[in-house]
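[1] task: produce atomic coordinates for the following.
(one chain, ligands or ions: 3)
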Amino acid sequence: MADAETVMRATDPLDLSFSEAELEAHREHITAFIEGQLDAAGVDRAVLGLSGGIDSTLVSHLAVEALGRDAVHGLVMPSEVNAADNMSDAERVANDLLGIDYDVIEINPLVDAFLEAYPEAEGDQLAVGNLRVRCRAVLNYLVGNHEDALVLGTGNRSEALVGYYTKYGDGAVDCHPIATLYKQQVRQLAKHVGVPDDLAEKTASAEMWAGQTDAGEMGMTYDTLDSILALHIDGGVPKDATADHIGVPPSVVDQVREMYETSAHKRAMPPGPEPLY
Ligand SMILES: Nc1ncnc2c1ncn2[C@@H]1O[C@H](COP(=O)(O)OP(=O)(O)OC[C@H]2O[C@@H]([n+]3cccc(C(=O)O)c3)[C@H](O)[C@@H]2O)[C@@H](O)[C@H]1O
Ligand SMILES: Nc1ncnc2c1ncn2[C@@H]1O[C@H](COP(=O)(O)OP(=O)(O)OP(=O)(O)O)[C@@H](O)[C@H]1O
Ligand SMILES: [Mg+2]
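    Residues are numbered from 1 along each chain as shown. Ligands and ions are numbered 1, 2, ... in the order given. Predicted coordinates:
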């Protein structure tokens with residue numbers, strides 16, 4: 001077991017790679033966190049969406065380590081825009097890797113019902129994509145209420161810092177077990193705990209519409225994003241020095257800062273006015 005003294009953070013803020021001791025420490029830290037969250041809530045079950053992507057694969061794996069396979073319920077929730085191989089990967093994770101109970105729930109009828117109620121949004125790619133994500137959140141909480149289970153989030157530090165998630169969609173959860181990890185560290189930890197490489201190295205996609213990739217939409221890879229977040233946003237290194245260090249134009253650093261600033265509302269409780277009295 002790694003203790004605090006053997007787990008030294010890298011001194012180079014650009015070096016986001018963990019040592020084996022650090023990976024083991026994160027594994028223990030996160031499993032203890034999951035267990036602690038359930039204990040504090042007085043429940044002994046957890047539910048989460050399984051997309052076949054690496055974030056949900058890692059969180060479900062760590063949840064099973066923390067709670068045991070009988071305590072974790074997976075929901076595979078395909079829509080018409082999900083790639084079939086991602087949905088079969090999600091079932092592979094539930095069946096072969098973890099051996100947990102899971103349901104496959106098609107969300108198209110739910111999405112269609114909303115669009116029948118409000119046809120004006122039909123064809124609005126982002127609004128309908130967010131609707132798909134929020135339909136899954138409703139199902140997570142339906143199961144969570146019914147089974148007395150907490151809803152586990154799968155958001156990582158990279159997504160949280162730039163608001164790359166749907167407010168009250170995949171952001172609607174009871175806790176965020178991998179919130180401290182940049183995306184590339186999610187992949188490292190996944191490999192460390194035994195997730196097969198083909199899953200750990202998969203191209204990240206929100207799958208809110210057909211063919212969407214995170215890197216395509218954000219206009220940069222997670223490696224670039226992570227480096228800018230670590231140096232400039234978390235590390236306080238000035239824009240030009242960050243751009244030089246990473247080898248990107250300063251405008252890319254500006255873009256990340258703008259995403260960070262305009263998504264501040266997603267990282268805060270909804271505000272109300274100060275008390276009048
Ligand atoms: N300043 C402000 N103060 C308070 N609230 C503010 C606000 N600005 C917007 N808002 C509210 O926030 C809403 C916009 O936020 P939101 O509804 O989330 O929508 P939005 O941020 O526009 O879109 C979600 C983004 O996250 C990405 N995503 C979503 C889901 C999963 C993943 C993934 O990686 O798997 C990625 C998706 O591809 C897209 O780029 C506005 O309609 C408004 O209601
Ligand atoms: N089709 C789906 N079925 C069930 N849950 C889903 C589905 N699509 C998305 N989710 C849930 O929404 C979360 C956010 O999606 P996101 O794409 O950020 O993560 P991921 O798919 O696990 O990993 P990656 O970012 O590498 O694609 C997922 O981790 C999962 O919990
Ligand atoms: Mg995904």
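
[2] which parts of the stretch 1-150 of the chain sit against ligand 1?
    Contact residues, the stretch 1-150 of the chain versus ligand 1 (C-beta under 6 Å from any ligand atom): 126, 130, 133. (Glycine included, C-beta is placed from N, CA and C.)

[3] switch the cut-off to 8 Å
    For the stretch 1-150 of the chain, the residues found near ligand 1 under the criterion C-beta under 8 Å from any ligand atom are 51, 53, 55, 126, 129-130, 133.

[4] in a markdown table, list those along with pLDDT and secondary structure.
    Compiled in a markdown table, those are given as follows (pLDDT from 0 to 100; DSSP: H, G, I helix; E, B strand; the rest coil):
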| residue | pLDDT | secondary structure |
| --- | --- | --- |
| S51 | 98 | coil |
| G53 | 98 | coil |
| D55 | 98 | helix |
| L126 | 98 | helix |
| G129 | 98 | helix |
| N130 | 98 | helix |
| V133 | 98 | helix |
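
[5] quick one: which of the residues you listed is nearest D226?
    Ranking those by separation from D226, with C-beta to C-beta as the measure, puts D55 on top at 14.0 Å.

[6] show me where the stretch 151-277 of the chain has helices.
    With DSSP state H, counting those that start in this stretch as the criterion, the stretch 151-277 of the chain has helices at 157-162, 183-193, 197-200, 214-218, 222-228, 239-246, 250-262.

[7] sorry, back to before: save the residues of the stretch 1-150 of the chain next to ligand 1 as TSV, and put in distance to N95 and neighbour count too.
    Listed next are these as TSV, based on distance: C-beta to C-beta, whole Å; neighbours: other C-beta atoms under 10 Å:
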residue	distance to N95	neighbour count
S51	15	25
G53	17	23
D55	19	24
L126	33	12
G129	28	20
N130	30	20
V133	24	23
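
[8] okay, those residues in JSON lines with distance to H29 next?
    Output for those, formatted as JSON lines (distance: C-beta to C-beta, whole Å):
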{"residue": "S51", "distance to H29": "24"}
{"residue": "G53", "distance to H29": "22"}
{"residue": "D55", "distance to H29": "17"}
{"residue": "L126", "distance to H29": "35"}
{"residue": "G129", "distance to H29": "33"}
{"residue": "N130", "distance to H29": "32"}
{"residue": "V133", "distance to H29": "28"}
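
[9] these: which two are farthest apart?
    Every pair in these was compared (C-beta to C-beta); the two farthest apart turn out to be D55 and L126, at 20.6 Å.
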